[in-house]
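J.: Sequence and computational prediction follow.
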Amino acid sequence: MAEHAFNTYIPINSIPEYQNFSYNFDYVTIIMLFNFICLFPTLFATTKTVLHYSKHANQNSQGGIHPYVFKSFVYMQISSLVYTVFDYIIDRIPSTSVVTSYFSTMKSDSPVKYAVAAYYLFEYLYQLLTVLFCLMRLLVFIDLKNQLKITCLTFHFWPIISTIICVIASIPHCLYGAVAIQLDVPFQYGAIVFTTTLNFTSRTQTLGKFFFSVVLSILIIMMTFMMLLKLNNLKRLSSISNRNLKAETTLTITMFLILIPTVLNQIITVSSMFAPMYASYSILLRLTLMDCRVNIVSWYFYWTHPYFKKKTTVTNSLNIKVTIIT
């Protein structure tokens, strides 16, 4: 194992030597540049998805998408993209050490603390909206009394309540000072991340964030496997067209693509809590998993769902329930 970096996990504004720090190009910069380039296909796929749906929203087509499912997917992906942008500001760009010298004299009342608060706001929000997407998939697919009413109320109130909760949870970061922390290996000397003294010193904050993420991950796992059972039953119906089956399969695999990096991220987080000497390795792995979660989900959904294929067959009537609700 490599030796620890100097001044590991210590605020750099208390160490004068960082004022004369010079940026050194390393592999972390290459990784961040590659990840940034990968965002452009994601933005393209997300934009094309929204534009295509807006153009064909009034058409009843085989393999179509239920409006609540689609809108919850868009909410989830947009919040994930915004979170990724703030992640570049708070974690990724600083971890390359390119801004270390400039922020070496950062004061505790720096506006950076508001960026940290926004970072946590969207981190919590995209997780809650991921649960909404999985929940919408499940609600429109199962038989419930007053199903339409329950689905409609859930779709309209969940984002509002989630936003309020996330704002309340992120506001405390605005009340604490901003700090820049030196990372350990595999990052180089001078690689930093921004945070606040609340997150830096409060174990309650760390544990609360961890359990929040674990609970939501468990919910996503449960709903994903419930959808797998439903999909398995769906394949046995002879009345289901290949196009509708493909649409359902795409949406279910999308849920799986969300699930895999989510679970791996929890495993990495737990491992770093019990082995803090590997915490910086977990940061690098988390960035990769988050990019897989944001990018691959958008790419797969747009390029495999039959609804976004050029050929769209419009039908006069929908004979099976699954065509209406997928």
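T.: The structure has been received and is ready for your questions.
J.: which residues sit against stretch 97-110?
T.: Residues outside stretch 97-110 that contact it (Cβ atoms under 8 Å, 6 or more residues apart in numbering): 12-13, 15, 18-24, 29, 93-94, 112, 177-180, 187-192, 194, 197. Bear in mind the C-beta positions are built from the backbone N, C-alpha and C, glycine included.
J.: How about stretch 45-58?
T.: Counting by Cβ under 8 Å, 6+ apart, 65, 67, 70, 74, 77-78, 81, 298-299, 301-303, 307-308, 312 sit against stretch 45-58.
J.: What ranges does the protein have for its helices?
T.: Assigned by DSSP state H, the chain shows helices spanning 27-56, 67-87, 93-95, 112-139, 147-174, 197-201, 203-234, 242-274, 279-291, 297-304, 321-325.
J.: For Phe6, find the nearest of the ones you listed.
T.: Minimum separation from Phe6 across these (Cβ to Cβ) falls at helix 279-291, 13.3 Å.
J.: which residues does the residue nearest the centre of the chain contact?
T.: Geometric centre of the chain, nearest residue: Ser80, 4.1 Å, by Cα atoms, centre = their mean. When contacts are counted by Cβ under 8 Å, 6+ apart, Ser80 touches Tyr126, Thr130, Arg293, Val294.
J.: Spatially, what comes nearest to Ile268 if we skip its sequence neighbours?
T.: Computed as Cβ to Cβ, 6 or more residues apart in numbering, the closest residue to Ile268 that is not its neighbour in sequence is Ser282, at 4.7 Å.
J.: Kindly state the pLDDT recorded for the residue lying closest to Asp91 once chain neighbours are set aside?
T.: Leaving aside its chain neighbours, Asp91 sits nearest to Val193 (4.9 Å; criterion: Cβ to Cβ, 6+ apart). The score at Val193 is 93. That number is its pLDDT.
J.: my guess is Val193 meets Pro94, correct?
T.: Yes: Val193 is in contact with Pro94 according to Cβ atoms under 8 Å; the separation is 5.5 Å.
J.: Common neighbours of these two, please.
T.: With Cβ under 8 Å, 6+ apart, Val193 and Pro94 have common neighbours Ala180.
J.: ok, Asn24 - contacts?
T.: Applying Cβ under 8 Å, 6+ apart, the residues contacting Asn24 are Ser97, Gln188, Gly190.
J.: hmm, try it at 6 Å
T.: By Cβ atoms under 6 Å, 6 or more residues apart in numbering, no residues touch Asn24.
J.: Could you measure from Ile90 over to Ser280?
T.: For Ile90, the distance to Ser280 (Cβ to Cβ, to the nearest Å) stands at 15 Å.
J.: With neighbour numbers in mind, choose between these two.
T.: Ser280 (23 against 20; other Cβ atoms under 10 Å).
J.: how near is Thr42 to Tyr9?
T.: Thr42 is 32 Å from Tyr9, by Cβ to Cβ.
J.: again but with Ser54, I slipped
T.: Taken as Cβ to Cβ, the span from Ser54 to Tyr9 is 47 Å.
J.: These two - which one has more neighbours?
T.: Counted by other Cβ under 10 Å, Ser54 and Tyr9 do not tie: Tyr9 has more neighbours, with 15 against 9.
J.: Quick check: closest non-adjacent residue to that one.
T.: Nearest one to Tyr9, counting by Cβ to Cβ, 6+ apart, is Ile181 at 5.6 Å.
J.: ok, how many other residues are close to that neighbour?
T.: If we define neighbours as other Cβ under 10 Å, then Ile181 has 19 of them.
J.: And the pLDDT at it?
T.: Listed pLDDT for Ile181 reads 92.
J.: Low-confidence regions, the stretch 101-250 of the chain specifically.
T.: By pLDDT under 70, the low-scoring segments of the stretch 101-250 of the chain are 143-144, 233-245.
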